[in-house]
Every structure is written in structure tokens, then in C-alpha cells.
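J.: Compute the structure for the input listed below.
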Amino acid sequence: MIYAAVSHITSQLNQFLKRSFDLTENMVVMSNVAEQDGTVAPDVSNKLVVFLVNVEKEVTHGRGLGSNFAESWTSSYPSLFLNLYVMVAANFNGANYQEGLKYLSNAISFFQRQPVFDHHQTPDMDRRISKLVLEIENLSIQDLSSLWGMLSGHYQPSVLYKVRMISFAAGDVLSEVAPIKGLDTSVE
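T.: Modelled structure (predicted):
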């Protein structure tokens, strides 16, 4: 489901930029910025690169086993709610640097106008995802330096988004107990 979420965000941003700039080629790719050996990842030159930076468990949702008391008591594993940290980086070099800033600005504008993706707005979104909510995550210069040091060692103009509430529903029923129909409270 992580792939589906990041892929959907990438696709929506790509469609927006293609319409905005009347482009035929994709300007947004989902990829690492650099390969594990430190070399530049293929097909990311002069593109906006969207990639996953971190996965975090959402802690504001209920804990413990879920239950449903309608017809019978059902015990199941609880859903797991995740937040994804997704970076959008302008990987444009040399004379194309200004183009990169233009595309990055338009990406920020797009997500500011459409911070929520759901099935009403984007019917092609994976059915396992009910909604994606994006918000800019601020990083200090020190945190930004550390992050780019881990990623590739070379800073690129970028923006980090927190994508809220990816739900992994376990769907596994552990047990089911029939409801109590009534109590006989008569005393003999």
C-alpha cells in the first residue's frame, strides 16, 4: 500500500504539470535520487523526483484489539495507521536549475490547492486507501543537512510532505463469540 500511495501522488503531480506546461513527457518520477553505491539513479536527470523518506506509525488512533458488538463480539487485529514522509526534489543541474525551481514551485502550488486525495477527486486511487492528506513538514537547516547527507550527500531544492493516514487493515478475525440473549434474573 505504501507503493500505491507514493505512486498515486507522483501520478497526480505528473498529470498536473503535463497539463500546466503542455508537456508530453513525464516530468515527475518516483525513484531514489542516488543508487546504493552512490551513483546517480537512472532517469532522474532534469526531473522532479518523488521518494519515500520515512514511515511512521500514527499514535493518535486507538490501541488494542478492536471489537464489534452489533451481532456478535468479534476480536481482530487492529488496523495499523501510518504516516509517510515523502520528498519532492528538483533534480535539475546547470543551466536547467531555474527550470527545476519553476517545477518545484508548481508542485508546491498543486499540493497547496489539493492537499487531500480521495476516491471522489481521484477515482483511480487504490481502493485499499480511503484518503491521503498531505501537509508540508518543516525541517531545520541542520535536519535538512543530515537528511541530504544520508540520501546522496548533495542537496537539491526540495520540499518534504507528511502524508497522513495510510491504513493497513489486518482483517483477520481472531475469535467470535455469540451475544448474550438475556439473563434469567428470577429467584426461586
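
J.: Now residue 164. Its backbone dihedrals?
T.: Taking degrees, to the nearest 10, you get phi -90, psi 140 for the backbone angles of residue 164.

J.: Need the pLDDT of the residue lying closest to it once chain neighbours are set aside.
T.: Nearest non-adjacent residue to residue 164, counting by Cβ to Cβ, 6 or more residues apart in numbering: residue 133, 4.3 Å away. C-beta coordinates here come from the backbone N, C-alpha and C atoms, glycine included. What the model reports for residue 133 is a pLDDT of 95.

J.: Would you map the helices across the protein?
T.: Remark: helices assigned in the chain by DSSP state H are 2-21, 97-113, 141-151.

J.: Can you pull the poorly scored residue ranges out of this protein?
T.: Applying pLDDT under 70 to the chain flags residues 61-77, 168-188.

J.: ok, 50 please
T.: Scanning the chain for pLDDT under 50 picks out the ranges 63-73, 172-175.

J.: from what I can see the residue nearest to residue 164 touches residue 163, true?
T.: Yes: the criterion here is Cβ atoms under 8 Å, and residue 133 meets it with residue 163 at 7.1 Å.

J.: Quick one, which of the helices of the chain gets closest to residue 34.
T.: Residue 34 lies closest, by Cβ to Cβ, to one member of the helices of the chain: helix 141-151, at 6.7 Å.

J.: ok, residue 146 to residue 54 distance?
T.: The spacing between residue 146 and residue 54, counted by Cβ to Cβ, to the nearest Å, is 12 Å.
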